[in-house]
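[1] No sequence on hand, only this structure:
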């Protein structure tokens with residue numbers, strides 16, 4: 001499908017780059033760390049959620065990116081909805097969704113708005 005919805009990772013497979021119970025609210029901010037490629041806060045968050053970051057790296061990121069990425073407490077589960085359906089997440093955030101008489105939005109934007 002358009003947004004390439006995939007089952008969510010098990011909690012042990014992922015990490016929150018902002019720290020437990022927090023999420024990135026400035027996904028376009030660029031994080032630069034010496035001898036590492038620059039990445040947006042959104043990319044870091046996605047990689048953490050997908051279990052692609054080493055545990056030691058994930059453990060130090062919250063103190064390094066909290067202000068830059070504007071880490072904020074997550075909403076309560078009852079306050080959100082998944083654009084992919086329960087238990088699934090967007091894995092193609094750059095795909096564009098177009099609905100008649102509505103502005104085009106990326107799957108990532110739709111997912112962020114549903115959270």
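    Nice, thanks for sending it over. Nothing here was measured: the structure is a model prediction, and the numbers come from that model.

[2] From now on I want contacts and neighbour counts done on CA atoms only, so please keep to that.
    Fine.

[3] What's the biggest helix in this protein, counting residues?
    Using DSSP state H to define each element, the chain has its longest helix at helix 55-65.

[4] what sits up against that helix?
    Helix 55-65 is contacted from outside by 15, 16, 17, 18, 19, 31, 41, 48, 71, using CA atoms under 8 Å, 6 or more residues apart in numbering.

[5] Now for residue 33: which residues touch it?
    Contacts of residue 33 (CA under 8 Å, 6+ apart): none.

[6] Identify the farthest-apart pair in the contacts of helix 55-65.
    For those, the farthest-apart pair by CA to CA is 15 and 31; their separation is 17.3 Å.

[7] Could I get the average pLDDT for the longest helix of the chain?
    Averaging pLDDT along helix 55-65 gives 90.

[8] Would you agree residue 43 is in contact with residue 27?
    Yes. Between residue 43 and residue 27 a contact is recorded at 7.5 Å, counting by CA atoms under 8 Å.

[9] So for those two, which residue has more residues nearby?
    Taking other CA atoms under 10 Å, residue 43 and residue 27 do not tie; residue 27 has more neighbours (20 against 16).

[10] Quick one, grab the pLDDT at the nearest residue to residue 15 once chain neighbours are set aside.
    With CA to CA, 6 or more residues apart in numbering as the criterion, residue 15 has its nearest non-adjacent residue at 4.9 Å, and that residue is residue 48. Here, the pLDDT recorded for residue 48 equals 90.

[11] rewinding a little: compare neighbour counts for residue 15 and residue 31 and give me the winner.
    With neighbours defined as other CA under 10 Å, residue 15 and residue 31 compare such that residue 15 has more, 23 against 18.
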